[in-house]
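*Asks:* quick one: sequence and predicted model below, then my questions.
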Amino acid sequence: MKPTRFETAIALIDKKNSEDPNTYEVFGIEYPKELLYAQRMSRKLLQFNPNASKALRIAARAQHICRWKIARKDYPMDRVGYLKWRETLKKMHAEITAEILNQVGYDKEFIDRVSLLINKKLIKKNEESQMIEDVICLVFLDYYFEEFAAKHEDEKVIDILQKTWVKMSDKGHEEALKLPYSDKSLSLIKQAIS
C-alpha cells in the first residue's frame, strides 16, 4: 500500500532532521538531536491531544526542522540577538516544511495553516497555536529541564520557568504538574509559579 501524503511528509521531515550533525544520547544510544526532538514533539502532542489535526501534527514534527543550520553564535549574545535568531529560525522551519508539503501535494491553504503554527502566530488566540506552544513547553519540562536546571543558577531557572509558564494554557499547566520531577526541580517549579 502506498504511503499517504501525511506519512510521506513526516518521513521527509524526519529525513531532513536525521542529517543533524549534533547528537543527543539516551540510554547509551546516540540520536540526531533534532530528529529525537521532533519525535518527542509528536509523542507529546498525541498524549496532550490524541485527536490533533494533521496540520498540527506536521507543525509539531517540523518545529525544529534543520535547526542546526542557523547557529546561535551568528547573532549578538543578548536578548535582541536571541529573539532575532529565533525569528529567523521559525521562518526557515516554515519555509522548509512548506517545500516538503508542496512536494507531496498539499494545497496552499493547508501549507499556510502549518506555517502559521510553526511560526507560533496567534498564541492565546488560536487554539492550535496555543496547543503547539503547550507541547513545546511540555517537551522542554519533560525531557530537557533537569539538564538545563543543573547547568544554571536557581534564579535564572526560576526566571525561565516563569516565562515558560506564562506561555502555557491552563490545560498545559495541569499536564506540566503531572510530569515526574526531581525534588529539587519540583521545588524550583513551585517557587516559579507561586
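*Replies:* Happy to help now that I have it.

*Asks:* helix/strand/coil for the spatially most central residue of the chain?
*Replies:* For the chain, the residue sitting closest to the mean C-alpha position, by Cα atoms, centre = their mean, is residue 136 at 4.0 Å. Three-state call for residue 136 (DSSP: H, G, I helix; E, B strand; the rest coil): helix.

*Asks:* over to residue 141?
*Replies:* Once three-state DSSP is applied, residue 141 turns out helix.

*Asks:* how far away is it from residue 176?
*Replies:* Distance, residue 141 to residue 176, using Cβ to Cβ, to the nearest Å: 5 Å. Glycine gets a C-beta too; all of them are placed from N, C-alpha and C.

*Asks:* kindly report the same for residue 38.
*Replies:* Per Cβ to Cβ, residue 38 is found 21 Å from residue 176.

*Asks:* more neighbours: which of those two?
*Replies:* residue 38 (26 against 22; other Cβ atoms under 10 Å).

*Asks:* which residues sit in contact with the residue nearest to the centre of the chain?
*Replies:* Shown in contact with residue 136 (Cβ atoms under 8 Å, 6 or more residues apart in numbering): 41, 63.

*Asks:* name the nearest residue to residue 82, ignoring sequence neighbours.
*Replies:* residue 75 (7.1 Å; Cβ to Cβ, 6 or more residues apart in numbering).

*Asks:* could I get the pLDDT score of the one you found?
*Replies:* For residue 75, the model assigns a pLDDT of 92.

*Asks:* next one: residue 124
*Replies:* Model confidence at residue 124, given as pLDDT, is 69.

*Asks:* same check on residue 58?
*Replies:* 98.

*Asks:* and it, what helix or strand is that in?
*Replies:* helix 54-61 (DSSP states H and E).

*Asks:* show me the domain layout of this structure.
*Replies:* Per the record, the chain has its domains at 1-119, 127-194, by automatic domain parsing.

*Asks:* residue ranges in this structure under the pLDDT threshold?
*Replies:* 124 (pLDDT under 70).

*Asks:* quick revisit: next SSE after the helix holding residue 58?
*Replies:* helix 79-103.

*Asks:* that next one to helix 54-61, inter-axis angle?
*Replies:* 130 degrees (axes from the mean of the first three to the mean of the last three Cα atoms, to 10 degrees).
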